[in-house]
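1. I need the structure of the sequence given here:
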Amino acid sequence: MEVSLTEENYIKAIFSLSKHNPAIGVSTNDLSEHLNNKAGSVTDMLKRLAEKKLIHYEKYKGVFLSAKGEKMALAIVRKHRLWEVFLLDKLQFTWDEVHDIAEQLEHIKSEELIERLDAFLGHPKFDPHGDPIPNAKGQLNSSKAKPLNQFKTKGNYVFVGVNEHSKPFLQHLSALGLKIGESIKVEEINAFDNSFRVKINKKESAFFSDKVSANILVEVKK
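-> Here you go, the predicted model:
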C-alpha cells in the first residue's frame, strides 16, 4: 500500500496527540492546530486514511489509529529517533538541530537501511531528547520519568528527557548546562509560583520556572 509523505505526517501526528488521552481519541481541531492545516483539509485527509484502514474515524468523534496505523506510526517514530541519534552522535549536530533534519529523513522507505543504522549505532534505546526508540517489533521501553514539577520534595534527581522539543527551549536548557543524564539537586521549591532552585551536577544554583520544570522529565536518583 502506497502512503504519501503527507499521510505519514498525519499518522505520526495522531500517534503523538493520542498519548495525551488515549481513551478519547484525537479531535480534528487538535490535528488542525498541530499540523497548521485548515479543518476542511484535515477532514478530507482523515477520510482518505480511513479508506486505507489506517484509522478509525467518524465525523464529530475522536480519531483512533487502527492496528495497521499504529504499526506504521511506530515505524516512522523509530526512523525519526534513530536518525536523531545518528545526527547528534556521528555528525555532531546539537540536540536542538536534529529534529527538523530527522523530519525529512524519517520518510526513507528502506527497512534494510534502518536496521543497519540501528546496528551501526549499537541499538540505542533512547533518542537525544530522552524519548524511547521503538525496536524492530514496534515495542517501546517503559519509563518511570515524570515532569520535575510533579515532585514536591527536595532531593536528587536525574534528567532523562523533555516534554517540549522546540529549539528555544532546548537552547535554554543548553545555556543552563543541562544535558540528558545530568544530576539535578532540588534545593528549594517556591510555594508561590512553584519555581525550583536547583544545582546541576553540583555546580552553581539555577532557577527553573514552573513552565520549565513542567517540561523537564526526571527520575529519582538511586
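
2. CA atoms for contacts and neighbours, from now on please.
-> Noted.

3. low-scoring stretches of this structure, by residue?
-> Applying pLDDT under 70 to the chain flags no residue at all.

4. Please enumerate the strands of the protein.
-> 55-56, 64-65, 146-147, 155-162, 183-189, 196-200, 205-208, 216-220 (DSSP state E).

5. got a list of contacts for stretch 193-203?
-> Stretch 193-203 has contacts (C-alpha atoms under 8 Å, 6 or more residues apart in numbering) with 149, 177-178, 182-190, 205-210, 213.

6. Please work out which of the strands of the chain is packed deepest.
-> Among the strands of the chain, strand 64-65 has the highest mean neighbour count (mean count of other C-alpha atoms under 10 Å), at a mean of 24.

7. mind giving me the domain ranges of the protein?
-> 5-65, 146-220 (automatic domain parsing).

8. Could you write out the alpha-carbon coordinates of stretch 156-165 in PDB?
-> What follows is stretch 156-165, C-alpha atoms only, in PDB (Å, rounded to 0.1, in the frame of the first residue of the first chain):
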ATOM      1  CA  ASN A 156      18.300  14.300  44.000                       C
ATOM      2  CA  TYR A 157      17.000  13.500  40.500                       C
ATOM      3  CA  VAL A 158      18.400  12.500  37.100                       C
ATOM      4  CA  PHE A 159      17.400  14.500  34.000                       C
ATOM      5  CA  VAL A 160      16.200  11.900  31.400                       C
ATOM      6  CA  GLY A 161      14.100  13.700  28.900                       C
ATOM      7  CA  VAL A 162      11.900  16.600  27.800                       C
ATOM      8  CA  ASN A 163       8.200  17.100  27.000                       C
ATOM      9  CA  GLU A 164       9.000  20.200  24.900                       C
ATOM     10  CA  HIS A 165      11.100  19.800  21.800                       C
END
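
9. Please compute how far it lies from its chain's middle.
-> With C-alpha atoms, centre = their mean, to the nearest Å as the basis, stretch 156-165 stands 12 Å off its chain's centre.

10. which residue is nearest the centroid of the protein?
-> Against the mean C-alpha coordinate of the chain, by C-alpha atoms, centre = their mean, the closest residue is residue 131 at 5.5 Å.

11. Distance-wise, check residue 111 relative to residue 86.
-> 16 Å (C-alpha to C-alpha, to the nearest Å).

12. Pick out whichever of these two has more residues nearby.
-> The neighbour count for residue 111 versus residue 86, taken as other C-alpha atoms under 10 Å, is higher for residue 86 (20 against 12).
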